[in-house]
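A.B. asks: Predicted structure and sequence below. I'll ask about it afterward.
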Amino acid sequence: MTATKHPRYGVRFGLLGHSPALDGLRGLAVAMVIWFHFAGHHEFWGSEVLVGGWAGVDVFLALSGFLITALLLDQCRMHGRLTLLTFWARRACRLLPALVLMLAVWCTALLVFHQHRWLATTPSGNGKGRIIDRSEAFADVGVALLYGANWNVLAGGMEAPLAHLWSLAVEEQFYLAWPVLLLLLVKLGHRWRLVVLGTMIGVSAALPWLYWDGGAGAERIYFGTDTRAVGLLMGSFAAVVWHQRHARNGVTRWAALRAWLGLAFVLWVAWTGRNSPEKFLLFLTLLALAVAQLVPYLAENRGLLARFFSLRPLVWLGKRSYALYLWHYVWATWTRPLPFWWMLAVGLAGTVLCTQLSWHLVEQPVLRWGKRWAVRPALAPALPQIARAA
C-alpha cells in the first residue's frame, strides 16, 4: 500500500498492505508445529523427521513482532498518534473469543472425563497419562486467560493440554508492553530508535548464557518472556527499518538472497534441531535473525518466494493458524494413547474440524464486529514530529 499526502493533513495511508505471502509463511510455521507435536517423537524410515518443528514458534514470534510494529507505525503515519486502547481492543477481539471457546470445551471434557488418564497424556510422553487434579486444572484455565501460562509452566503448572499456551502468553505480554515503549521510541530520531531496539535485542540474546547453568536453565530459557523476546524484538527491528526505507522510497540490497538464506536456516533447524545446547544458547537468536530477513521481503509480495508462500494451501493454513495452534495440541494430547497412524488420522481430523468451527462460528463474526476499531485513513491532522518519526 503506497502512501499519499494531503497538503494540510500529511500522510493519509499506511505502508503495510495485506500480504498473502505472510499468511503462507504463518501457514508453514503452524504446519511445522503441528507435525512436531503429532509426529516429532516418532521414527520414520529409521529416523525421526522434523525434530526441530518447534522452530515454527520462533517464526511466529518474529513475524508477530514485524506485523504489530509495522501496523502501529502505519497508525502514526495516518493519524500522528498511537491509540493504545484501540490497539488492545482489536487484539482482544482477535485472540480472546477463540481461546475462550477452546477453554470451555476443555473444561467440559474435564468435568466429564477427569477420571480418565488419556485426558492428560502429552505428545512427548509414553501415552499412559494420569488422573488430573480438577482444582489445579481450573486454576490453570484462569492463568491462561490472564496470559501467564509461560511462567506457570516454569512453576510446574498448566495441565495437559494447556501447556502450549505458553507462547500465546509471551506474545500477549509483548502486545501489552511494546506499544507503550514504541510510543516513546517514535519520538526519538531514527538512529536512536534502532540503537535502543538493538540494545534490547542484545540483552535478550545474552540472557540464555546467564541462565544456562550447565543445562539446568534450559526450561527457563525456552519459556521465559525475557529470553523469547529476542524474536519479537528482532521482528520489530526489521519493521522499523522496513518502514523507514519505504517511507523514503529506499532500495534494499541483497533482499532476495537474504530471504532465501533465512528460509534455508529455518528449514535446516526444523529438520535437525534437537534439544542440544545450541538450541537454547544460539538457535533462538539465529532463528529470529533469519526470519527478520525473510518477512520484510515477503511483505512486498514479489519474487519466487512470495509466489510460493501465496499458494492456496499455505494461505488457508495461515489464515486459520491461530485456531490450528489452539486446537492441535488438545487433539495431540487426547489421541496420544492410540496407535500412531490412528492418532495422526483422528487427531488431525479433530483439529481441522474444531478449527473450521472456531473460524466460521467465532473468529470471523467477531472480527467483522471488531472492525469498528479499525484504524481508518481519515483526514486527521498529523503531529509532525511523530509522523516524521514513523
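C.D. replies: Happy to help now that I have it.

A.B. asks: all strands of this protein, in order?
C.D. replies: Using DSSP state E, the strands of the chain run over residues 5-6, 10-11, 43-44, 47-48.

A.B. asks: quick one: average pLDDT of the third one?
C.D. replies: What it means is strand 43-44. Averaged over strand 43-44, pLDDT sits at 64.

A.B. asks: What of the first one?
C.D. replies: What strand 5-6 shows for mean pLDDT is 44.

A.B. asks: cool, the second one as well?
C.D. replies: Regarding strand 10-11, the rounded mean pLDDT is 44.

A.B. asks: go on, stretch 325-340?
C.D. replies: 92.

A.B. asks: Equivalent analysis for stretch 60-77, please.
C.D. replies: Regarding stretch 60-77, the rounded mean pLDDT is 91.

A.B. asks: For the protein, which residue occupies the most central location?
C.D. replies: Using Cα atoms, centre = their mean, the residue of the chain that lies closest to the mean C-alpha position is residue 60, 3.2 Å off.

A.B. asks: and the gap between residue 161 and residue 168?
C.D. replies: Taking Cβ to Cβ, to the nearest Å as the measure, residue 161 falls 13 Å from residue 168. To be clear about C-beta, it is placed using only N, CA and C from the backbone, and glycine gets the same treatment.

A.B. asks: who has more neighbours, those two?
C.D. replies: The neighbour count for residue 161 versus residue 168, taken as other Cβ atoms under 10 Å, is higher for residue 161 (25 against 19).

A.B. asks: How much space separates that one from residue 195?
C.D. replies: In this structure, residue 161 lies at 42 Å from residue 195, with Cβ to Cβ as the measure.

A.B. asks: Residue 189 now?
C.D. replies: If you go by Cβ to Cβ, the gap between residue 189 and residue 195 works out to 9 Å.

A.B. asks: Output stretch 85-101 in CSV with nothing but the alpha carbons.
C.D. replies: Once non-C-alpha atoms are left out, stretch 85-101 reads as follows in CSV (Å, rounded to 0.1, in the frame of the first residue of the first chain):
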residue,chain,number,x,y,z
LEU,A,85,-6.9,1.4,23.8
THR,A,86,-7.9,0.8,20.2
PHE,A,87,-5.0,-1.5,19.6
TRP,A,88,-5.6,-3.5,22.7
ALA,A,89,-9.3,-3.8,21.9
ARG,A,90,-8.6,-5.2,18.5
ARG,A,91,-6.1,-7.7,19.9
ALA,A,92,-8.7,-8.8,22.4
CYS,A,93,-11.2,-9.3,19.6
ARG,A,94,-8.8,-11.3,17.7
LEU,A,95,-7.4,-13.6,20.4
LEU,A,96,-9.9,-14.0,23.3
PRO,A,97,-13.1,-15.4,21.7
ALA,A,98,-11.3,-18.4,20.1
LEU,A,99,-9.3,-19.0,23.3
VAL,A,100,-12.5,-18.9,25.4
LEU,A,101,-14.2,-21.4,23.2
